[in-house]
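Colleague: Predicted model follows, preceded by the sequence.
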Amino acid sequence: MVSPFSALGIFLLFADITQAAFKPSFNNTLERGVATECKTCPYSLCTNQKYYDYDTIVSLICWTTGTVIDGDSTWLRTSDDCYVTQYDLADYAGEYETDLSFCGQDSTIEHITTAPATTKYNTECNICDDNSSCETIKYLKYGTDIAVTCWTDLGSLVINDSTWLKTTDNCYVAQIGLEEPADKTEIDYCGPVGFLQVNYTAPVGRSASPLNPETSHSSLAKHSPPSSSSDINKRYLLNITVGEDYARCYETPSSSSRLVKRYEWDHGVWVQEVDFWESLFDQYRFPNCDLFEGGGGGGDDDSDDTT
């Protein structure tokens, strides 16, 4: 019969061997000019534990495999207990798979939540949660069914809503552009979302072409007014500011119809382009409407952040 002291000794010996077998960690730095998200699991759709800004030094604990980024499936767990892709780190002279321990089979499991949603307006799906500075990955036509994986309420404010949702296309949409608000009880919180950039260093394949560079916005012809029998085929929200002492808002696009409201100078108004007698393309910078028809993107899904 083994005594309690002998059993304890065997346990401590096994623990020492296990600890010794786990190779020591070491530091590396993010690739120059790269900011990235540190994920709760090694897949692009996993939520974020941390956001690493440019030139961040990270302590690497072990390696695992996950989403393939530019032909590389290796991810590294950091001392923040989250994963970054090898692609976002500065070149390493050795081999992570040799110099670090494997994180374990459990580390290869993808943990995400999903919920259905439908776009109400033509919607840009961006690489991060901002319309002004984050590049568009995909253009979603109104009425498009999508799957969202997580939510954040720290995105840029759109009208009165700062909630954005990450989709299974690995990009973010503003909640206000959806038919119904997301059920936050069904999906995870996204974690910190920072400014990210699209990777153009690898060959880029896009399903839709951008506007012809020879055609400027100022040279685009004005659209004819829609006929009364035409279906609404544009649902693109934009913000304009009243530049006169006041602006009248009528029930129908006719000055002889009932006056609904009068906006004062410098008042911001959210409108749809279809509400106007003529196109606003010659006054505002819009994405090509054909992009929404084709569901094309503004960049490659594999970004410098890769997430």
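Modeller: Looks like it arrived, so ask away. Residues are numbered from 1 along each chain as shown.
Colleague: Touching, W151 and D161? I think so.
Modeller: No - W151 lies out of contact with D161 (C-beta atoms under 8 Å); the separation is 11.4 Å. From N, CA and C alone the C-beta is placed, and that goes for glycine too.
Colleague: And those two? Which one has more around it.
Modeller: W151 (25 against 14; other C-beta atoms under 10 Å).
Colleague: which residues does that one contact?
Modeller: Taking C-beta atoms under 8 Å, 6 or more residues apart in numbering, we find W151 in contact with T163, W164, L165, K166, Q175, A182, K184, I187, D188, Y189, C190.
Colleague: Okay, and which of these map to strands?
Modeller: Secondary structure defined by DSSP state E assigns W164, L165, K166, D188, Y189 of the contacts of W151 to strands.
Colleague: Are any of those residues buried, and if so which?
Modeller: With burial judged by 16 or more other C-beta atoms under 10 Å, the buried subset of the ones in strands among the contacts of W151 is W164, L165, K166, D188.
Colleague: ok, now how distant is the third one from Y96?
Modeller: Between K166 and Y96 the distance is 27 Å, computed by C-beta to C-beta, to the nearest Å.
Colleague: What of the second one?
Modeller: Distance, L165 to Y96, by C-beta to C-beta: 33 Å.
Colleague: now swap in L291 and tell me
Modeller: Here the distance between L291 and Y96 works out to 39 Å (C-beta to C-beta).
Colleague: got it, and C46?
Modeller: According to C-beta to C-beta, C46 and Y96 sit 19 Å apart.
Colleague: So those two - more neighbours on which side?
Modeller: Shown here are C46 and Y96; by other C-beta under 10 Å, C46 has more neighbours (25 against 18).
Colleague: Show me which of the buried ones among the ones in strands among the contacts of W151 is closest to Y263.
Modeller: Checking those against Y263 with C-beta to C-beta, the nearest one is W164 at 27.9 Å.
Colleague: The closest one pairs with what?
Modeller: Per DSSP bridges, the residues bridged to W164 are T152, A174.
Colleague: Please tell me how far it sits from R77.
Modeller: Relative to R77, and taking C-beta to C-beta, W164 is found at 27 Å.
Colleague: Tell me the pLDDT of C128.
Modeller: For C128, the pLDDT comes out at 92.
Colleague: Identify the residues contacting the nearest residue to it once chain neighbours are set aside.
Modeller: Leaving aside its chain neighbours, C128 sits nearest to C134 (4.0 Å; criterion: C-beta to C-beta, 6 or more residues apart in numbering). C134 sits next to N126, I127, C128, Y172, F195, L196 when contact means C-beta under 8 Å, 6+ apart.
Colleague: State the helix or strand in which the fifth one lies.
Modeller: Secondary structure assigned from DSSP states H and E places F195 in neither a helix nor a strand.
Colleague: on that earlier part again, report the buried members of the contacts of C134.
Modeller: The buried subset of the contacts of C134 - by 16+ other C-beta under 10 Å - is N126, I127, C128, Y172, L196.
Colleague: Quick one: classify the residue nearest to C128 as helix, strand or coil.
Modeller: coil (DSSP: H, G, I helix; E, B strand; the rest coil).
Colleague: For it, give me phi and psi.
Modeller: Here is the backbone geometry of C134 (degrees, to the nearest 10): phi -90, psi 130.
Colleague: Quick check: it vs N126, distance?
Modeller: C134 is 4 Å from N126, by C-beta to C-beta.
Colleague: wait, Q86 sits on L76?
Modeller: Yes - counting by C-beta under 8 Å, Q86 does reach L76; the two are 6.3 Å apart.
Colleague: Between the two, which contacts overlap?
Modeller: Common neighbours of Q86 and L76 (C-beta under 8 Å, 6+ apart) are Y96.
Colleague: The two - which one has more neighbours?
Modeller: Taking other C-beta under 10 Å, Q86 and L76 do not tie; L76 has more neighbours (26 against 21).
Colleague: hang on, the more buried one packs against Y83?
Modeller: Yes - using C-beta under 8 Å, L76 makes contact with Y83 at a distance of 6.6 Å.
Colleague: could I get the helix or strand that contains W63 in PDB with only the CA atoms?
Modeller: Taking DSSP H and E as the criterion, W63 maps to strand 57-69. Extracted as PDB, the C-alpha positions of strand 57-69 are listed here (Å, rounded to 0.1, in the frame of the first residue of the first chain):
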ATOM      1  CA  ILE A  57       6.200  43.700 -27.500                       C
ATOM      2  CA  VAL A  58       4.400  40.500 -26.600                       C
ATOM      3  CA  SER A  59       5.600  37.500 -24.500                       C
ATOM      4  CA  LEU A  60       4.900  34.300 -26.400                       C
ATOM      5  CA  ILE A  61       4.000  31.200 -24.300                       C
ATOM      6  CA  CYS A  62       3.100  28.400 -26.700                       C
ATOM      7  CA  TRP A  63       1.900  27.800 -30.300                       C
ATOM      8  CA  THR A  64      -1.200  26.300 -31.800                       C
ATOM      9  CA  THR A  65      -3.000  26.200 -35.200                       C
ATOM     10  CA  GLY A  66      -6.100  28.100 -36.400                       C
ATOM     11  CA  THR A  67      -7.300  30.200 -39.200                       C
ATOM     12  CA  VAL A  68      -4.900  30.200 -42.200                       C
ATOM     13  CA  ILE A  69      -3.500  33.700 -42.800                       C
END
